[in-house]
Each structure stands twice: as C-alpha cells, then as structure tokens.
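*Asks:* Any chance you could fold what I've pasted below:
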Amino acid sequence: MKSLPIACTLGPAALKARREGLLVNLVQRAQEHQEIPNGHRLRFAADGDILLAIATTVELERQCCRFLQFTVTVAPDGGPISLDLTGPPGSSEFVAALMEP
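*Replies:* Have a look, this model is predicted:
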C-alpha cells in the first residue's frame with residue numbers, strides 16, 4: 001500500500017464546517033473515547049440510528065482524509081458498537097484535532 005500524506009483535502013472553510021458537524025457530533029454521542037496506537041476508539045451503545053451515523057461519518061471522512069483507516073465493530077446480541085480511526089504515525093494527533101469542538 002502506498003504511503004499517503006497525513007492531511008485533509010478540504011479547504012479551510014469546508015474543514016471548519018466538517019469539524020463543527022459530523023465528527024464532533026459523533027464524538028459527543030460516544031459513551032467512551034480512548035486513544036489507541038496511531039488513532040482513537042469511540043464506543044457507542046447500540047441504539048437509535050448510531051450505526052447509520054457512524055457509516056455516514058466514515059463515508060464523508062474517508063473522502064477527505066484518505067490516509068485514515070476506519071474499523072467498525074458491532075458486538076453480538078445488541079452489544080456496543082465501536083469505531084477505530086487509525087493511520088500512520090501522526091494520525092492520533094491529527095484525529096484528536098478533528099474531534100475538538
């Protein structure tokens with residue numbers, strides 16, 4: 001796999017709008033947020049439209065932050081749903097900055 005730069009392809013205005021919207025709203029819905037190697041993990045209760053919200057966020061974020069890897073884990077029997085956002089070294093700091101309101 002080729003090495004991609006740790007950068008967002010959105011311009012400043014679009015990035016500001018994105019930061020104030022999707023990812024921040026998703027972080028606010030998380031029951032747990034932890035830093036993991038080269039990224040972050042968000043854990044959610046499996047209720048409401050959370051899986052759709054996660055999928056929508058992943059679809060939009062992968063278009064502008066091509067270096068990120070997204071892993072969604074859905075536990076059996078209505079258990080929690082987790083989203084890992086990881087990437088090359090430096091990704092954790094980049095994602096942390098995106099998650100700030």
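
*Asks:* So which residues of this protein form helices?
*Replies:* Taking DSSP state H as the test, the helices found in the chain are 12-19, 22-29, 50-64, 91-99.

*Asks:* Report the angle between the longest one and helix 22-29.
*Replies:* Looking back up the chat, that one is helix 50-64. On the basis of axes from the mean of the first three to the mean of the last three Cα atoms, to 10 degrees, helix 50-64 is oriented at 150 degrees to helix 22-29.

*Asks:* roughly how far out does helix 50-64 sit from the chain middle?
*Replies:* Distance, stretch centre to chain centre, for helix 50-64: 8 Å (Cα atoms, centre = their mean, to the nearest Å).

*Asks:* and that helix with helix 91-99, angle?
*Replies:* Put simply, helix 50-64 runs at 110 degrees to helix 91-99, going by the same axes, to 10 degrees.

*Asks:* Show me what helix 50-64 packs onto, helices and strands only.
*Replies:* Packing partners of helix 50-64 (3 or more Cβ pairs under 8 Å, 6 or more residues apart in numbering; DSSP states H and E): helix 12-19, helix 22-29, strand 69-74, strand 81-86. All C-beta atoms are positioned from the backbone trio N, CA, C, and that covers glycine.
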